[in-house]
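**Student:** For reference, the sequence and a predicted model appear below.
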Amino acid sequence: MKSTLQASIVAALLAISATAFQAAHAADTPSTAQPTVSERMQNARDAIKANKWQPAIAELRIAVRDEPKNADAHNLLAYSYRKQAKPDLAKAFEHYKIALQLDPKHKGAHEYIGEAYLMDKKPAEAEKHLASLEQICGNKTCEEYADLAAAIAKFKAAK
């Protein structure tokens, strides 16, 4: 009985000292909290402004993994795939389409998928997105409409 009591006391003391050690160690160890999706989106926007497509893609892939229903993240990921030195139009179209499924009135996604269709030499598809933009935001003061309309006109003039 006495040895069982001693064993219990030793076990309790070991548990207490292990807990104290873990608490002290945790206080001395810097936190390695992962960036939020919002922070990743800002990191990606900064990379995009600097034309650093791979870091933008890396941030945005994690953002869409963590928030798969974030239309803005899918749109920016698609944009980054499209704008890199060797465009990946298949991945760009995949993420533009997801963005538009999540938010059918996403002006940026309509503009950018239209531009992707021009890169793919499908102006009729681009014009469908121009028509969508006209319905969503009009053609007078809508920057996305004006930009896509100009891209379509430039595409047709080059033919």
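**Tutor:** On my side now, so go ahead. Residues are numbered from 1 along each chain as shown.
**Student:** Tell me which stretches of the chain form helices.
**Tutor:** 2-28, 37-49, 53-66, 71-83, 89-102, 107-119, 123-137, 143-157 (DSSP state H).
**Student:** what comes up buried for stretch 152-159?
**Tutor:** Across stretch 152-159, burial judged by 16 or more other C-beta atoms under 10 Å covers 152, 155. Glycine gets a C-beta too; all of them are placed from N, C-alpha and C.
**Student:** got the contact list for that stretch?
**Tutor:** Under the contact criterion C-beta atoms under 8 Å, 6 or more residues apart in numbering, stretch 152-159 has outside partners 114, 118, 123, 126-127, 130.
**Student:** Show the end-to-end separation of stretch 134-150, please.
**Tutor:** 14 Å (C-alpha to C-alpha, to the nearest Å).
**Student:** Worst mean pLDDT among the helices of the chain?
**Tutor:** Lowest mean pLDDT of the helices of the chain: helix 2-28, a mean of 54.
**Student:** can you list the domains in the chain?
**Tutor:** As assigned by automatic domain parsing, the chain contains the domains 34-95, 104-159.
**Student:** quick one on the thing from earlier: most neighbours out of the contacts of stretch 152-159, which is it?
**Tutor:** Among the contacts of stretch 152-159, Gly114 has the most neighbours (other C-beta atoms under 10 Å), with 28 neighbours.
**Student:** What's the separation between that residue and Lys154?
**Tutor:** The spacing between Gly114 and Lys154, counted by C-beta to C-beta, to the nearest Å, is 12 Å.
**Student:** Including distance to Ile98, could the contacts of stretch 152-159 go into TSV?
**Tutor:** Listed next are the contacts of stretch 152-159 as TSV, based on distance: C-beta to C-beta, whole Å:
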residue	distance to Ile98
Gly114	16
Leu118	20
Pro123	23
Ala126	19
Glu127	22
Leu130	21
